[in-house]
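Chemist: sequence first, predicted coordinates after that:
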Amino acid sequence: MAEFTFHHGGVSVPSLDDAIEWYHRVLSFQLERRFYIEAARSHTAMVRNGHLRFEIFEVEGASPLPRDRRDPKDDLATHGNKHLAFQIADLTEFLLEMKHKQVDIALIVQEKFGSGCFIRDCAGNLIEFVERI
């Protein structure tokens with residue numbers, strides 16, 4: 001099989017400018033480039049934090065995120081892509097930082113198999129953070 005590596009994840013948002021600011025302020029992503037995708041009618045940005053890339057779309061005439069997609073438990077009940085997950089060293093420290101930055105924390109998970117949390121970005125998209133075991 002051909003070798004492949006992870007390149008980026010992506011989210012659709014109502015305001016590209018607000019999302020670029022949020023991902024920078026909260027998760028330290030830097031704007032790599034902005035561009036327009038004609039076929040999708042999307043004002044788009046690629047942001048980067050180290051080797052991690054994230055693509056953000058503001059699509060003309062897009063529908064808002066449905067309520068059940070904003071809840072980690074409810075979202076799993078619908079087939080399709082769910083969320084992105086990043087690894088962190090210390091969940092407690094991370095949660096303190098997110099609370100300080102007034103981030104919307106959707107769910108904290110502490111199970112025998114591991115700990116983590118879900119936060120919502122400025123558009124309600126779920127992002128998971130898992131504590132390194």
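Modeler: Alright, I've got the coordinates.
Chemist: ok, which stretches of the protein are strands?
Modeler: Residue ranges of the strands in the chain, as given by DSSP state E, are 9-12, 30-37, 42-49, 52-59, 84-88, 104-111, 114-120, 126-131.
Chemist: and those strands as a markdown table, adding mean pLDDT, mean neighbour count and distance to His24?
Modeler: C-beta here means a position set from N, CA and C on the backbone, and glycine is covered the same way. Below are these laid out as a markdown table (pLDDT from 0 to 100; neighbours: other C-beta atoms under 10 Å; distance: least, C-beta to C-beta, whole Å):
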| stretch | mean pLDDT | mean neighbour count | distance to His24 |
| --- | --- | --- | --- |
| strand 9-12 | 95 | 17 | 15 |
| strand 30-37 | 99 | 12 | 7 |
| strand 42-49 | 98 | 18 | 7 |
| strand 52-59 | 97 | 19 | 11 |
| strand 84-88 | 94 | 14 | 15 |
| strand 104-111 | 96 | 13 | 17 |
| strand 114-120 | 97 | 19 | 15 |
| strand 126-131 | 96 | 19 | 14 |
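Chemist: surely Cys117 meets Leu96?
Modeler: No: Cys117 is not in contact with Leu96 according to C-beta atoms under 8 Å; the separation is 11.6 Å.
Chemist: what are the structural domain limits within this protein?
Modeler: 1-63, 65-133 (automatic domain parsing).
Chemist: got the buried residues for the top helix by length along the chain?
Modeler: Ordering each helix of the chain by length in residues (DSSP state H) puts helix 16-27 first. Buried residues in helix 16-27, counting neighbours by 16 or more other C-beta atoms under 10 Å, are found at Leu16, Ala19, Ile20, Trp22, Tyr23, Val26, Leu27.
Chemist: which one of those is nearest Phe35?
Modeler: Leu16 (10.9 Å; C-beta to C-beta).
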